[in-house]
Every structure is written in structure tokens, then in C-alpha cells.
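Undergrad: When you get a sec, could you give me coordinates for this:
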Amino acid sequence: MKLAQDSVLRLFSARLLKTALVLAVLNATGFSSAQEAKLSPQKQSQIEAAISKFMASTHVPGLSAAVVEDGRFAWAAGFGMADLENNVPASEHTLYRLASISKSLTATAAMQLFERGQLDLDAPVQKYCPSFPQKPWPITTRQVMGHLAGIRHYKSGSQDDPEVGNTKHFEKQIEAGLNFFKQDPLLSPPGTQFHYSTHGFTLVGCVIEGASGSRYVDFLRQNVFLPAGMAETQFDDRFAIIAYRTRFYDKTESGVVRNADFLDSSYKIPGGGWLSSAEDMARFEVAMVDDKLIRRPTRNLMWTPLKPTDGSMDNYALGWGSGIENGTQGVGHTGGQQGTSTAFLIAPEQRAGVVVLTNMEGVPADNLARQILTIVVGVPGNTPQP
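TA: Model prediction:
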């Protein structure tokens, strides 16, 4: 009986601690109900109709979405199920795999170090990450964040690539992630061609550690998540008990929903290993449009696309997609991996943003994000297609 009581007390204490942490974060960052906008009933009705149509056509089990309007958190909600087997509904607090949206978080942290004078974007990466071997040409952090470093992506169909049937967990995440690709030859001389690479962002994580003197995950918690009020965001630790984490799904060719393949993303946290909620990601958008994380000139630099010397079109900036549709500038990112499809968009001039997180892989979350942004500001947004 005493053991049962002790367990209940520990659980109750843990919940109190989390509640206190959330309140402390919101107070520290200035987020309060008085600063939150309220989406109009008409816009909310239109958004919910678009979500309902999307879920019916894609068979997504669960989806969470959020909206930023006029620079303020305006609305967030969950739809469907976070866990089909246990009949758990999705909410604005449900944690989804961000997948490649993680790159935008990592890039923001790197730009903080640049702004503080701790990171030279154009110095060879070995200045901060000496464990990455020299290549025939120098590689800079700017090139890596813009996918112009020539670093490869996953090896399709290879059993040596961690993205295929990965079940191995790594405690030394950055070191383990580098080991998968650091000895491989570059696909092209740096700066010449665009080669999308999640592995490359592991190298950015190593640079952040070298420049800051902190562990990558700790630096992001203290410098990105805490200032932005993102109390629920954390890395996808497959062994930890994480409250509100969704289950992950895919579907067969015939449309039958099933559990997705197992993934341990501990080898690629900087490029695709964070968990977050729709509400937390909306807080991140608010922090970005309010220049709370980096100053406006630094933000503009991060959102400016790089140009490969081969002359090819490239709308990718530094860890962010950037483009113009119907005369409106938009930035953001998409994400997709086992059991998740995600997208987030910011229209900086309108100070508006949209977040769409789902627990099924292979569905066009970016299309829905564009539809919602159209409802919020009247024009479509833009996300990259990695």
C-alpha cells in the first residue's frame, strides 16, 4: 500500500514540477493570456473545415495545428487521435516528431552564436568541430546550413544508413551521427551545388558545441526553447517516458493505417530529432517575428537564400526555406520521417504564422499549412520541398 502511495506522490510531484516549469517559462518570456490574440470565429470555422477535409482525404489519425496572427499566439487545437490503440485524442499539447523542422531550430541557435561573435560562419568547420576530417576543399558552417557543402543525405536502401531500419540508440549523439558520414567523399565542391543533407546538420550541431562550450541539446534548451516559451519541446528519446508524445503511423498502399517503422533518431537530433507541440511551435513563431531570439539583421541574413555557383535555382536559406508567392514573402520548413509529416510557415511582413503537425508519414502537411495561412492573411505561404 505504501509503495502505491509513494508512486502516486512521485507522479503528482512530477506533474506539479512540470506545471511550475511551464508557468516559470511563460512568466520569464512575457507570454500571458493578455498578450494572446483570439482568432475570429469565421477564420476558425474555415480552418477547421480545411483540416476536416484534409484528414478525411489522407486518413491521418491525429493532427494538431496552431496560428499566429498580428504577432501573437491566436489559436491552437488538436484533431483526431494521438493514440488509436488507447483512444487518446490529439490536443495542442500533443508532441510530434518535427523531423526536418528541427533544422530551423538548430540554425536559429547557430545564428545566436554568430550574433554574439562566438561563431564565424565562413571559417572552416574544423575550427569548432575538429573531429570532422579535412576535405579537399574548406567547408564553412554557412555552406552546411544552406546545403551547399557537398555532404551527402541518406544512402537509399543501404543497411549501413541509420535511416533504414534504425533501432540503435546513441548516448553520444553528435559523435555517433558524425561517424555515419564524416569519412565519405563530398558530392561536389562546396558552394557549387545544392545537396539536401540531414547529416550535414549533425555537423552544425558539432559546431554549436565547439563554439558555445555546451552540449548541443543543452544550448538549445537554454537559448532557444526557454526564451521562446517552449516548455514542452524536447528530443525524441525512445527510452524516456514522455508525456503527451503521440504514437506514430503510416498506411499501406490500400490505405490501411498501421504503426510506423521503429525509429531511434538519437543520431540526428540537430537535423531531425526534436519533438514539439503545435502550441510550442507557435510560441517559436511569435519569438521569431518579435526578434526575441535574434536581432532583425541576423534574422534577415538567416532567411536570405544562398546561391550555388552552378547557377541552379535555390530558395533555401540557412536552415529555412524562403520564397515569394503572390508577392508575399514566406519562410518555414517541412518535415517527414517515420510516423510524422509536418510543416510550419511564417509570413514576416504580416507577422503571421501557421503550424501543422501530424502523426502519419507521407502526407502533404505543407499543402494544409498553405491553406490555413491563406485563411489567416489572405495569401498563400511558401515552404521548401526537401
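
Undergrad: you'd agree Thr258 is in a helix?
TA: Just so we're on the same page, residue 258 is Arg rather than Thr. No - secondary structure of Arg258 (DSSP: H, G, I helix; E, B strand; the rest coil): strand, not part of a helix.

Undergrad: Can you show me the helices along the stretch 101-250 of the chain?
TA: Under the criterion DSSP state H, counting those that start in this stretch, the stretch 101-250 of the chain contains helices at 102-115, 141-145, 173-179, 198-212, 216-220, 226-228.

Undergrad: Let's have those in TSV, adding mean pLDDT.
TA: Output for the helices of the stretch 101-250 of the chain, formatted as TSV (pLDDT from 0 to 100):
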stretch	mean pLDDT
helix 102-115	98
helix 141-145	98
helix 173-179	95
helix 198-212	98
helix 216-220	98
helix 226-228	98
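
Undergrad: where does the stretch 201-350 of the chain dip in pLDDT?
TA: 324-328 (pLDDT under 70).

Undergrad: likewise the stretch 51-200 of the chain?
TA: Applying pLDDT under 70 to the stretch 51-200 of the chain picks out residues 156-165.

Undergrad: rerun at 80
TA: 155-167 (pLDDT under 80).

Undergrad: check contacts around the nearest residue to Phe170 once chain neighbours are set aside.
TA: Leaving aside its chain neighbours, Phe170 sits nearest to Ala176 (3.7 Å; criterion: CB to CB, 6 or more residues apart in numbering). All C-beta atoms are positioned from the backbone trio N, CA, C, and that covers glycine. Contact analysis of Ala176 by CB atoms under 8 Å, 6 or more residues apart in numbering lists 170, 266-267.

Undergrad: Show me which of the residues you listed is closest to Gly71.
TA: Of all those, Gly71 sits closest to Ser266, with 35.3 Å by CB to CB.

Undergrad: quick one: the closest one from Gly177, how far?
TA: 8 Å (CB to CB, to the nearest Å).

Undergrad: which neighbours do the two share?
TA: Joint contacts of Ser266 and Gly177 (CB under 8 Å, 6+ apart) are Phe170.

Undergrad: Comparing those two, which shows the higher neighbour count?
TA: More crowded of Ser266 and Gly177, by other CB atoms under 10 Å: Gly177, with 27 against 22.

Undergrad: Pretty sure His333 sits against Trp320.
TA: Yes - counting by CB atoms under 8 Å, His333 touches Trp320, with 6.1 Å between them.

Undergrad: what do these two both touch?
TA: Counting by CB under 8 Å, 6+ apart, the common neighbours of His333 and Trp320 are 103-104.

Undergrad: if we can go back for a sec, tabulate the helices of the stretch 101-250 of the chain (CSV), appending distance to Asp83.
TA: Compiled in CSV, the helices of the stretch 101-250 of the chain are given as follows (distance: least, CB to CB, whole Å):
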stretch, distance to Asp83
helix 102-115, 23
helix 141-145, 35
helix 173-179, 27
helix 198-212, 27
helix 216-220, 26
helix 226-228, 27
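
Undergrad: Minimum distance to Leu357: which of the ones you listed has it?
TA: Closest approach to Leu357 among those (CB to CB): helix 102-115, 12.6 Å.

Undergrad: Now do the closest one: which elements does it pack against?
TA: When contacts are defined as 3 or more CB pairs under 8 Å, 6 or more residues apart in numbering; DSSP states H and E, helix 102-115 packs onto helix 141-145, helix 198-212, helix 216-220, helix 269-272, helix 296-302, strand 328-337.

Undergrad: out of these, nearest to Pro61?
TA: If we rank the helices and strands packed on helix 102-115 by CB to CB, the stretch that ends up nearest is strand 328-337, at 15.8 Å.

Undergrad: which helices and strands does that closest one pack with?
TA: Taking 3+ CB pairs under 8 Å, 6+ apart as contact, the helices and strands that strand 328-337 lies on are helix 102-115, strand 321-325, strand 340-347, helix 365-377.
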